[in-house]
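Chemist: Any chance you can model this:
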Amino acid sequence: MALIVAVAVLVLLAAWIAGIYNRLVGLRNRFKNAFAQIDVQLKRRYDLIPNLVESVKGYMKFERETLEAVIQARNQASAAAARAAANPADGAAIQGLASAEAALTGSLGRLFALAESYPDLKANQNMLQLQEELTSTENKVAFARQAYNDAVMTYNTGREVFPAVLFATTFGFAPAQLLELENPAAERQAPQVSFT
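Modeler: Okay, here's the model as predicted:
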C-alpha cells in the first residue's frame, strides 16, 4: 500500500511539473508569435521606404545626404529585425532592433521635414499614397509592439511566479526582453508626415 501511495505521489508530482513546463512553453510561443507579427509589419515598412525615397529623389536633387541616411537607417533596421526575428528571446537583439528603429524613425522625420519645403512634392499623388501607406504601417507596428510587450510581460510573470520560478531556469526559460522605445519622450509625440 505504501508503494502505491509513493508511486501515486510521484505521478502527481511529475504531472504537476509537466503542467508548469507546458504552460511556460505556451507563454514563450505566444511572445515569439507576437514578435513575428511585428516582423511582418516591419518588413512592410522597410519595403515602402525605397519607394518613398525614389518618389522624393526627383524633387530633392540637393538633399542626397538625407536620402542616403534614410536608406542606410532602413538597411540597419532591416538587419536588426532579421537578427531579432531569428531569436526573439535574445534581449540584445531586441534592444538592437529598438535602437535601429529609433534611428530609422529619426531619419524619416528629417526627410519629411525637408519635404515640406518642396510644394510640388507635397502635391504628388504617388507621394501622398506612400505617406498614407507608411502611416498605416506605423500604426500596425505600434499595435503589434504593444501585443508583443503584453505577451512578454505575461511570459515573464508566468516564469517568475511560484512554483514556476523553481523550475523555469532549470528548464531553460530565460527572461524575455520588452521592445521598449529608445527615446520615449520623442517617440510619444506623433510624427508630422502630412504633405497637404
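
Chemist: what number of residues lie near residue 115?
Modeler: 22 (other C-beta atoms under 10 Å). C-beta: built from backbone N, CA, C; applies to glycine.

Chemist: quick one: which helix or strand includes the residue lying closest to residue 176 once chain neighbours are set aside?
Modeler: Nearest residue to residue 176, sequence neighbours excluded (C-beta to C-beta, 6 or more residues apart in numbering): residue 152, at 4.4 Å. Assigning secondary structure by DSSP states H and E places residue 152 in helix 125-160.

Chemist: for the record, mean pLDDT for that helix?
Modeler: Across helix 125-160, pLDDT averages out at 90.

Chemist: show me where this structure has helices.
Modeler: In the chain, the segments counted as helices under DSSP state H are 2-57, 64-86, 91-115, 119-123, 125-160, 184-188.

Chemist: So, low pLDDT: which residues of this protein?
Modeler: 61-62, 122, 181-196 (pLDDT under 70).

Chemist: so residue 121 touches residue 115, yeah?
Modeler: Yes. If you go by C-beta atoms under 8 Å, residue 121 and residue 115 touch, sitting 5.4 Å apart.

Chemist: coming back round to it: what's the local residue count around the residue nearest to residue 176?
Modeler: 25.

Chemist: Repeat that for residue 170.
Modeler: For residue 170, using other C-beta under 10 Å, the count is 9.

Chemist: Tell me how far it lies from residue 154.
Modeler: Residue 170 is 21 Å from residue 154, where distance means C-beta to C-beta, to the nearest Å.

Chemist: Equivalent analysis for residue 99, please.
Modeler: Residue 99 is 25 Å from residue 154, by C-beta to C-beta.
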